[in-house]
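Asks: dropping a prediction and its sequence here:
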Number of protein chains: 2
Amino acid sequence: MSDIRVTVDVVIFTIQESRLGVLLVRRGIPPFEGAWAIPGGFVLPEEGLEQAARRELEEETGVREVYLEQLYSFGNPGRDPRGRVVTVAYYALISPERKIQAGSDAAEARWWPMDGLPELAFDHAEILRYAHERLRNKLEYTTVGFQLLPESFTLTELQQVYQAILGRPLDKRNFRRKIDLLGILTPLKEQRRQGPSRPARLYRFSAARFERLRDKGILFPF
Amino acid sequence: MSDIRVTVDVVIFTIQESRLGVLLVRRGIPPFEGAWAIPGGFVLPEEGLEQAARRELEEETGVREVYLEQLYSFGNPGRDPRGRVVTVAYYALISPERKIQAGSDAAEARWWPMDGLPELAFDHAEILRYAHERLRNKLEYTTVGFQLLPESFTLTELQQVYQAILGRPLDKRNFRRKIDLLGILTPLKEQRRQGPSRPARLYRFSAARFERLRDKGILFPF
DNA sequence: ACAAAAGTGTTCGATATACACCCATGT
DNA sequence: ACATGGGTGTATATCGAACACTTTTGT
């Protein structure tokens, strides 16, 4: 009755050089040969949608256990010239430390900054816009932002993540007060030295405190 | 490669007797024979997802041009015992005035209150929970609530819609101040008399003012 | 007169915003 | 000594929450 093929596409975000980046693969064959695309592939007969997305993610980056969330499904007839394809789009957040060599498989793959994207295949520009918007919104009422940082980080780095996603500067004092009020950071003994300036204190995300908040319905990140 | 069938399911909300209601159809055949289900059907080869959802909606209720939004896609293998089916779920809001006879086609269909649902087929209980949650959230930062009311309505009726969706009472004065502050209601000359009490002023949703707000990025309902 | 729903303001706490200087370190 | 990023507090505006009485009508 409906011979529609189902794929998952996974928008994989990271932070690089204080900017929001996304992993894209270069298409080697038509259609859109030479254009860049969001990594993805067909859903296998026996796997769930999220499972398929995690598989694609791991094939592409080698990482597991990352933040992954379903974004939206795109299915206009004509979005793929080869036939009817409905794609269930997901987005994932991976921290720079885990950002292994992109493109474990043969295809060319690289990180692109969201504010300087190349020509994109299919309706992938739309999917990226949508993913970015979702991420921006989620940032304001969840703790997804922490997913883009390594285990220990400085407050400045955290602020840079927020700024990279929101695309605007934030006030340092207000930002720190807000984070402090959330009460989900544990200060570490170590500091980070990086050149000729005062060392910055390191923190880590406190899952324990976070759980308490989530149980009160304040947050909803995983 | 992937012989997955794709359906759309449409959670159709309305307000009845000041409660949130949903349209369900009774299954006449196995599996889940006799259980109630969210209306839906296969996506046709040449139609888009939203288009398919609107078609199902119209087939089921006869109405067009209603608020319709994609909810989430469900695709666990095993969610349908007959085979692999991925469903793209939507939800729609229709006002009581437009609430024509449910079930234009042969199948038995009726409105159920969200706080007293029958046994549901497939994973439809999960889909309904999800839809209700989305609606609750959207209510707080958009104007979707107005979609559930006829063109003219009283402030008390509007408040009842909010209460029905949120599942808790709201303070009348705070509620009215908030609505007033939005500046999207136009008072009408008419009043509504209904028994032995003071008549209530009627209002209508002011699209013009609403547009201005939306352009400022305050609201995002259509 | 009374029952029933409509209508109307103020106070308080919490939260968001705007804003500028000193501190610790490497060179 | 100076250049670099780290760290800190206060004042104001805005928003949400709590709370009770008067008004208008039908019977």
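Replies: Cool, got the structure.
Asks: do you know the pLDDT at A:Ala107?
Replies: With respect to pLDDT, A:Ala107 scores 74.
Asks: count the neighbours of A:Val10 for me.
Replies: Residues near A:Val10, counting by other CB atoms under 10 Å in any protein chain shown, number 26. Yep, even glycine has a C-beta here, placed from its N, CA and C like the rest.
Asks: on the three-state scheme, A:Leu24 is what?
Replies: At A:Leu24, secondary structure determined by DSSP: H, G, I helix; E, B strand; the rest coil is strand.
Asks: tell me who's in contact with it.
Replies: When the contact criterion is CB atoms under 8 Å, 6 or more residues apart in numbering or on different chains, the partners of A:Leu24 are A:36-39, A:109-112, A:117-118, A:120.
Asks: any chance of those in TSV, with secondary structure too?
Replies: Shown next, in TSV, are these (three-state DSSP):
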residue	secondary structure
A:Trp36	strand
A:Ala37	strand
A:Ile38	coil
A:Pro39	coil
A:Ala109	strand
A:Arg110	strand
A:Trp111	strand
A:Trp112	strand
A:Leu117	coil
A:Pro118	coil
A:Leu120	strand
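Asks: how far away is A:Tyr130 from B:Arg201?
Replies: 41 Å (CB to CB, to the nearest Å).
Asks: so which of these two has more stuff around it?
Replies: Per other CB under 10 Å, whichever of A:Tyr130 and B:Arg201 has more neighbours is A:Tyr130, with 17 against 13.
Asks: secondary structure element for the more buried one?
Replies: Under the criterion of DSSP states H and E, A:Tyr130 resides in helix A:124-141.
Asks: could you do A:Tyr162 as well?
Replies: Per DSSP H and E: A:Tyr162 is located in helix A:155-166.
Asks: state the next helix or strand along the chain beyond that helix.
Replies: helix A:172-182.
Asks: quick one, what contacts A:Ala92?
Replies: Counting by CB under 8 Å, 6+ apart, A:Ala92 touches A:10-13, A:53, A:57, A:66-69.
Asks: how much space between it and B:Glu133?
Replies: A:Ala92 is 23 Å from B:Glu133, where distance means CB to CB.
Asks: repeat for A:Pro196
Replies: 51 Å.
Asks: the two: who's more crowded?
Replies: Remark: of A:Pro196 and B:Glu133, B:Glu133 carries more neighbours, 11 against 5, as counted by other CB under 10 Å.
Asks: and what about A:Ile15, helix, strand or coil?
Replies: A:Ile15 falls in the strand class when you classify it by three-state DSSP.
Asks: quick check: closest non-adjacent residue to it.
Replies: Using CB to CB, 6 or more residues apart in numbering or on different chains and skipping residues adjacent in sequence, the residue nearest A:Ile15 is A:Leu148, 4.9 Å away.
Asks: cool, A:Pro81 as well?
Replies: A:Pro31 (4.9 Å).
Asks: next, count neighbours for that neighbour.
Replies: Around A:Pro31 sit 11 other residues, with neighbours defined as other CB under 10 Å.
Asks: how far away is the residue nearest to A:Arg26 when sequence neighbours are not counted from chain B?
Replies: Nearest residue to A:Arg26, sequence neighbours excluded (CB to CB, 6+ apart): A:Glu108, at 4.2 Å. Using CB to the nearest CB, to the nearest Å, A:Glu108 is found at 23 Å from chain B.
Asks: for A:Glu108, grab the count of nearby residues.
Replies: Neighbour number of A:Glu108 under other CB under 10 Å is 12.
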